[in-house]
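Peer 1: Need coordinates for the below:
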Amino acid sequence: MSAQSIRVDAAASVSRILEAARRVFAAGDGSGTLDRIAKEAGVGIATLYRHFPNRESLARAVYDQIFIREVQPLFDEFERTDAPRGALLDLAERLLAVLDRERGLTRSLGNVAEATRELMSRNSEVISRAVARAQLSGNLRPDIDSSDIPNLMTMVAAGFGSISTGPARRRYLSLLLDSLNPAQARPIPKA
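Peer 2: Residues are numbered from 1 along each chain as shown. Next up is the predicted model:
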């Protein structure tokens, strides 16, 4: 067997493990053991552990995959706009919808806020450009730093799960994002 076919086989195993883990985590019935995930993926437990040394690392990989598919595309809109409030509101709502839907997964993540911060921070260049452009156009307060955006979204992920979906959630997200508005902004303390 060639090295390339081994790599292809390993990639296929990882893909099956991630899909099985997502299904098992989504069931959220507490029986989502790594043995069950390996069985559903059609791989041995040793293969699962070779790629994911523990439940949290597997959950993070699944969260990463979901984030890339469902949340990441909203960064394109954020980058294109000079008025980021609406794009950030959509981003926050999508993130919360994912976390609501994937409650079984979030229980396995360990620290949801930290995992969210890591995924958000991957977009630091996009965020930096969008923040600078919005500040130049006067649509974002001048004392916001691009690193504030991932932290703000992390706060959303950590704190808004207790607010039910629907108009109330959008209302409070909107209120939170009003803090980005330059009109009548007061200086914020340095971090």
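
Peer 1: Low-confidence stretches in this protein?
Peer 2: Within the chain, the segments meeting pLDDT under 70 span 1-6, 8, 29-32, 160-164, 184-185, 191.

Peer 1: domain parsing for it?
Peer 2: Structural domains annotated on the chain: 3-53, 65-180, as defined by automatic domain parsing.

Peer 1: Distance of the nearest residue to residue 151 once chain neighbours are set aside relative to residue 158?
Peer 2: Leaving aside its sequence neighbours, residue 151 sits nearest to residue 117 (CB to CB, 6 or more residues apart in numbering; 7.0 Å). Every residue, glycine included, has its C-beta placed from N, CA and C. The gap separating residue 117 from residue 158 is 9 Å, by CB to CB, to the nearest Å.

Peer 1: same thing with residue 147?
Peer 2: Residue 147 is 17 Å from residue 158, by CB to CB.

Peer 1: now residue 50
Peer 2: 32 Å.

Peer 1: Between those two, which has more neighbouring residues?
Peer 2: residue 158 (16 against 13; other CB atoms under 10 Å).

Peer 1: Tell me the helix or strand right after the host helix or strand of the residue nearest to residue 151.
Peer 2: With elements taken from DSSP states H and E, the one containing residue 117 is helix 112-121. The helix or strand immediately downstream of helix 112-121 is helix 124-136, counting by DSSP H and E.

Peer 1: helices or strands up against that following helix?
Peer 2: In this structure, helix 124-136 makes packing contacts with helix 73-80, helix 84-101, helix 148-159, judged by 3 or more CB pairs under 8 Å, 6 or more residues apart in numbering; DSSP states H and E.

Peer 1: what's the helix ranked longest in the chain packed up against?
Peer 2: Secondary structure of the chain per DSSP state H: the longest helix is helix 3-27. For helix 3-27, the packing partners by 3+ CB pairs under 8 Å, 6+ apart come out as helix 34-41, helix 45-51, helix 55-70, helix 103-108.

Peer 1: so which of the ones you listed comes closest to residue 134?
Peer 2: Closest to residue 134 of those is helix 55-70 (CB to CB; 23.0 Å).

Peer 1: Quick one: distance of the closest one to the chain centre.
Peer 2: 8 Å (CA atoms, centre = their mean, to the nearest Å).

Peer 1: Kindly report the same for stretch 101-114.
Peer 2: How far stretch 101-114 lies from its chain's middle: 10 Å, per CA atoms, centre = their mean.

Peer 1: And stretch 180-189, by the same measure?
Peer 2: Counting by CA atoms, centre = their mean, stretch 180-189 is centred 27 Å from the centre of its parent chain.

Peer 1: Likewise for stretch 133-150?
Peer 2: Taking CA atoms, centre = their mean, the mean C-alpha location of stretch 133-150 is offset from the chain mean by 21 Å.
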